[in-house]
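**Q** I would like to see how this sequence folds:
(3 chains)
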Amino acid sequence: MAVVFEKPKSLTDAEFHYCPGCTHGIIHRLVAEAIDTLGIEGRTVGVAPVGCAVMAYNYFACDMVEAAHGRAPAVATGLKRSMPENIIFTYQGDGDLASIGMAETVHAATRNENITIIFVNNAIYGMTGGQMAPTSLPGQVTQTSPYGRDVATAGYPVKVCELLAALDGPTYITRVAVNNVKNVRNAKKAIEKAFRNQVEGKGFSLVEVVSSCPTNWGMTPQKALEWVETNMIPYYPLGVYKDKTAKEEA
Amino acid sequence: MAEKVLMKGNEAIAEAAIRAGCRHYFGYPITPQTEVAAYMAKRMPKIGGVFLQAESEVAAINMVYGVAASGKRVMTSSSSPGVSLKQEGISYIAGSDLPALIVNVQRGGPGLGGIQPSQSDYFQATKGGGHGDYHLIVLTPASVQEMADLTSLAFDLADKYRMPAMLLADGTMGQMMEPVLLPEEQVHTVAKPWAVTGTQNKRPHNIVNSLYLVPEELERTNEERFARYRQVEENEVRYESYCMEDADYCLVAFGIAARVSKNAVDALRRQGIKAGLIRPITVWPFPKAPIARAAEQVKAFISVELSMGQMIEDIRLAENCRKPVVLCSRAGGMIPTPEQIMQTVMEQNGGND
Amino acid sequence: MTTQILIAGFGGQGVLFVGKFLAYKGLLEGKQVSWLPSYGPEMRGGTANCSVILSDTPVGSPIVSKPDVLIALNLPSLDKYENAVVPGGMIFIDSTLIQRPVRRTDVTAVAIPVTALANQMGAPTLANMVMAGQLMRRCDAIAFDHVEDALKKVVSAKHADLFDINRKAIQTGYDYAD
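**A** Residues are numbered from 1 along each chain as shown, chains lettered A, B, ... in the order given. Here you go, the predicted model:
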């Protein structure tokens, strides 16, 4: 019988702990598919964050390191500098990457560290139960912004791709989403490119994946995906924000 | 034949680290240890090593964590305020059972403090520093030669026991020059099957991690770690005993305080007062046994410190309240003089005779 | 025997450099030595000082608080450290820059216009080394030998062209007799 669909080799058999409707599962799969496609599983080392993906080390079949909150880009820098032939990626959420780990993110980018960062932006702290994230939208109700995010006191959401694209350092900065089939296909391409860039020694690649959190948004999974389309993507437009390789190819 | 060279303590650390096979250094500038970074910046690119000035001490220690996870020898150095920032990463390194070297060339505190020598990070270094149950092997050099020798030893012990080691120096040790015979180049060959070097599709994945959500599991990792700590306590205590054979008064001091104390011991003996010195070289593990033995013999202990009374607690625990333990200290970047130490001893002498 | 030397002056007078020279010379003579600078912002523009200990036995504290030999290259240094010198010790002062004599009577005072001598040589930055020469003439504990070998250690390859003038400055100081 022909196999038409199978689990990527780069995922273990461990069962995901993610909530129903959570898009981490899709994104994990896209990362694993990219690793499989490039044939780099044996030399890849991943860095897990603190946040909902904290136990990503159980799901990816490659060697894994669990980092402190926000420090994954620094840990990845150490790994890459000591093992330049290995492929190093981090998998981080919005609180991890854009709040507590902002310095590590910006400086890894400006050094053009030859690493790959998968940045999952779902506009909320999931693991701790739904607090305001650096990327929570203006007016968004969370546990710590119960009257909606008030930009006068809580400031504006951080647009990570726009911010990093202003730096001279990074190679590839792009924003994708996983709320529908078309977007998932684009996300797959972007993630694969972000890994390929590293394999080819091209430098820092970051893929922001606009994502959902049905549980903490208080929505059904379907409704949450709609909210991504109607609220998240207008604030966080999808597209390539920086691509040094495009210039090379052109 | 190798020849002695005059070197600053900070430079001796850097050169000894390179000779111990360390090819990865991450740091952030802070007085009075910046020479370590400067030396590494100059040398590492020429020997295929990595020098990286991180965006912060926090980032630097996490880069150390990354390299340590890959199984390579790695270090960072800083001074007191910077070492406070590194505590989070140190706790993760300890919790993940990784070897690494952290150098603290101490300055006065708390807060921004000053830039002159101090030993006031003793509690932080020996009692944990970061969160959770853990220890560092803490080595305290008292000469430029020991800055070099203990750097090599720290790497070896860290590898052997899979735990971070700290070189706890002070601004004087970092800045002074003395003749030093540099250790030979060594190739370390400790097997590190736990390292995350890529599975090469030949083994199950390795995970470097300190997260255990099941309490029973986390307790087990703590117990296993402490079993290793007991081995360290049994095998790795190091100290120097000076004029203790017939001593009536036992000074206890490390680093620069021990240097000053030796002068005081000599001067006291010239005046007929039988003083001696126990100089801890490891402050964790602390040399409890020699202090307990000394308690049988001496009339009093004097803890000579560049802090407000920190090591004195370990002395009291070790001698078990059998004899008085008094403090002779300066703080904030000041250093006790031999005369101050002599005065403290003579006060005890007057009180007992 | 142990000789504790304290060298003090303005930042830029080569206090640390001459200290390093003396320490290396001691090392070449087979002595135990230590060199400890003051460090921090006061090194720039303020007073700099440096402790050098030469000894036949292991050096205890590297901090010189009671010098056997004080070299004062400016007045604030003499004011600050004159009374710290041990009775019977020596005080060397740059009499070009220090207008007052040494007040202590229980020490050997040596006043030598090292800045003027250095200027005459056309090497105004080498007053420190002129002083080192005089030190070797007057202080029994510091012999006039291993000069060139020690200089080779402290004059970096980058400044090798300055070797001869340093050597000459030391000779000038050594030859000076008032």
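
**Q** Next one, pLDDT for residue 248 please.
**A** Let's take chain A. pLDDT recorded at A:Glu248 is 69.

**Q** that's the other chain; I wanted chain B
**A** For B:Asp248, the model assigns a pLDDT of 98.

**Q** next one: the one 10 residues further on
**A** At B:Ala258, the model reports a pLDDT of 98.

**Q** again with the one 3 residues further on
**A** At B:Ser261, the predicted lDDT confidence score is 97.

**Q** show me the contacts for it.
**A** Residues near B:Ser261 by Cβ atoms under 8 Å, 6 or more residues apart in numbering or on different chains: B:251, B:253, B:277, B:279, B:304, B:338, B:341. Any C-beta I mention is one placed from the backbone N, CA and C, and that applies to glycine too.

**Q** Helix, strand or coil: sort out it for me.
**A** At B:Ser261 the chain is in helix, as set by DSSP: H, G, I helix; E, B strand; the rest coil.

**Q** Tell me where chain A is predicted with low confidence.
**A** A:248-250 (pLDDT under 70).

**Q** and with 90 instead?
**A** Within chain A, the segments meeting pLDDT under 90 span A:1-5, A:246-250.

**Q** which one among the contacts of B:Ser261 gets closest to chain C?
**A** B:Pro338 (6.8 Å; Cβ to the nearest Cβ).

**Q** one step back: possible to save the contacts of B:Ser261 as a markdown table with neighbour count?
**A** Converted to a markdown table, those look like this (neighbours: other Cβ atoms under 10 Å in any protein chain shown):
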| residue | neighbour count |
| --- | --- |
| B:Leu251 | 31 |
| B:Ala253 | 30 |
| B:Leu277 | 26 |
| B:Arg279 | 23 |
| B:Val304 | 29 |
| B:Pro338 | 22 |
| B:Ile341 | 27 |
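
**Q** Strands - which of those residues land there?
**A** In strands, judged by DSSP state E, the following of the contacts of B:Ser261 are found: B:251, B:277, B:279, B:304.

**Q** could you pull out the helices for the chain?
**A** This is for chain A. A:24-38, A:56-59, A:72-82, A:94-95, A:102-110, A:151-154, A:160-165, A:181-199, A:214-217, A:221-227, A:233-235, A:244-249 (DSSP state H).

**Q** other chain: chain C
**A** Remark: helices assigned in chain C by DSSP H are C:15-28, C:75-81, C:114-121, C:127-138, C:147-154, C:163-175.

**Q** number of nearby residues for B:Asp170?
**A** Neighbourhood size, B:Asp170 [other Cβ atoms under 10 Å in any protein chain shown]: 32.

**Q** contacting residues for it?
**A** Residues near B:Asp170 by Cβ under 8 Å, 6+ apart: B:105-107, B:117-119, B:255-256, B:306.

**Q** Give me the distance between the residue lying farthest from the centre of chain C and B:Tyr242.
**A** When distances to the mean C-alpha position of chain C are computed (Cα atoms, centre = their mean), the maximum falls on C:Lys158, with 23.2 Å. Plainly put, C:Lys158 is 42 Å away from B:Tyr242 if you go by Cβ to Cβ, to the nearest Å.

**Q** what's around the residue of chain A found nearest chain B, how many residues?
**A** Proximity of chain A to chain B (Cβ to the nearest Cβ) peaks at A:Gly78, 2.4 Å away. Using other Cβ under 10 Å, A:Gly78 has 32 neighbouring residues.

**Q** Check the contact between it and B:Gly71; I expect there is one.
**A** No: using Cβ atoms under 8 Å, A:Gly78 is not in contact with B:Gly71, being 11.7 Å away.

**Q** just to revisit the earlier point, so what's the residue of chain A closest to chain B closest to, chain neighbours aside?
**A** B:Gly66 (2.4 Å; Cβ to Cβ, 6 or more residues apart in numbering or on different chains).

**Q** SS state for that neighbour?
**A** helix.

**Q** Show me which residues of chain A sit near chain B.
**A** A:12, A:41-45, A:47, A:54-55, A:57-58, A:60-68, A:71, A:74-83, A:86, A:103-104, A:106-107 (Cβ under 8 Å from any Cβ of the partner chain).

**Q** picking up where we left off before, next one: the residue farthest from the centre of chain C from chain A, what distance?
**A** Distance from C:Lys158 to chain A, counting by Cβ to the nearest Cβ, to the nearest Å: 30 Å.

**Q** what's the pLDDT at that residue?
**A** For C:Lys158, pLDDT reads 84.

**Q** and it, how far is that from B:Pro117?
**A** Per Cβ to Cβ, C:Lys158 is found 31 Å from B:Pro117.

**Q** on that earlier part again, spatially, which two of the contacts of B:Ser261 are the most separated?
**A** Greatest spacing in the contacts of B:Ser261, by Cβ to Cβ: B:Arg279 and B:Pro338 (15.1 Å).

**Q** can you list the domains in chain B?
**A** B:5-235, B:240-352 (automatic domain parsing).

**Q** Turn those into CSV, including distance to A:Asn122.
**A** Listed next are the domains of chain B as CSV, based on distance: least, Cβ to Cβ, whole Å:
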stretch, distance to A:Asn122
domain B:5-235, 21
domain B:240-352, 43
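
**Q** What about residue 95, how many residues nearby?
**A** Because you didn't say which chain, this covers chain A. Around A:Gly95 there are 26 residues (other Cβ under 10 Å).

**Q** that's the wrong chain, I wanted chain C
**A** Residues lying near C:Ser95 (other Cβ under 10 Å) number 17.

**Q** Report the contact partners of it.
**A** Contacts of C:Ser95 by Cβ under 8 Å, 6+ apart are C:111-113.

**Q** Check the spacing between it and C:Gly9 real quick.
**A** Counting by Cβ to Cβ, the gap from C:Ser95 to C:Gly9 is 14 Å.

**Q** Looking at the ones in strands among the contacts of B:Ser261, which is nearest B:Tyr229?
**A** Taking Cβ to Cβ as the measure, B:Tyr229 lies nearest B:Arg279 of the ones in strands among the contacts of B:Ser261, at 22.5 Å.

**Q** which sections of chain C are below the confidence cut-off?
**A** Within chain C, the segments meeting pLDDT under 90 span C:10-12, C:38-48, C:156-160, C:177-178.

**Q** can you list the residues of it near chain B?
**A** C:20, C:23-24, C:27, C:32-37, C:39-40, C:59-63, C:65, C:153.

**Q** go again using 7 Å as the cut-off
**A** Those residues of chain C that sit near chain B, judged by Cβ under 7 Å from any Cβ of the partner chain, are C:20, C:23-24, C:27, C:33-37, C:39-40, C:60-63, C:65.

**Q** Please list which of the contacts of B:Ser261 are also close to chain C.
**A** Near chain C, by the rule Cβ under 7 Å from any Cβ, you find B:Pro338 out of the contacts of B:Ser261.

**Q** Columns pLDDT on top of the contacts of B:Ser261, output as CSV?
**A** Converted to CSV, these look like this (pLDDT from 0 to 100):
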residue, pLDDT
B:Leu251, 98
B:Ala253, 98
B:Leu277, 98
B:Arg279, 98
B:Val304, 98
B:Pro338, 94
B:Ile341, 98
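
**Q** Can you name the residues bridging to the residue most central in space within chain A?
**A** What sits nearest the mean C-alpha location of chain A, by Cα atoms, centre = their mean, is A:Phe119, with 1.9 Å. Bridge pairing for A:Phe119 (DSSP bridges) gives the partners A:Gln92, A:Glu208.

**Q** Surely it and A:Cys161 touch.
**A** No: counting by Cβ atoms under 7 Å, A:Phe119 stays clear of A:Cys161, with 8.7 Å between them.
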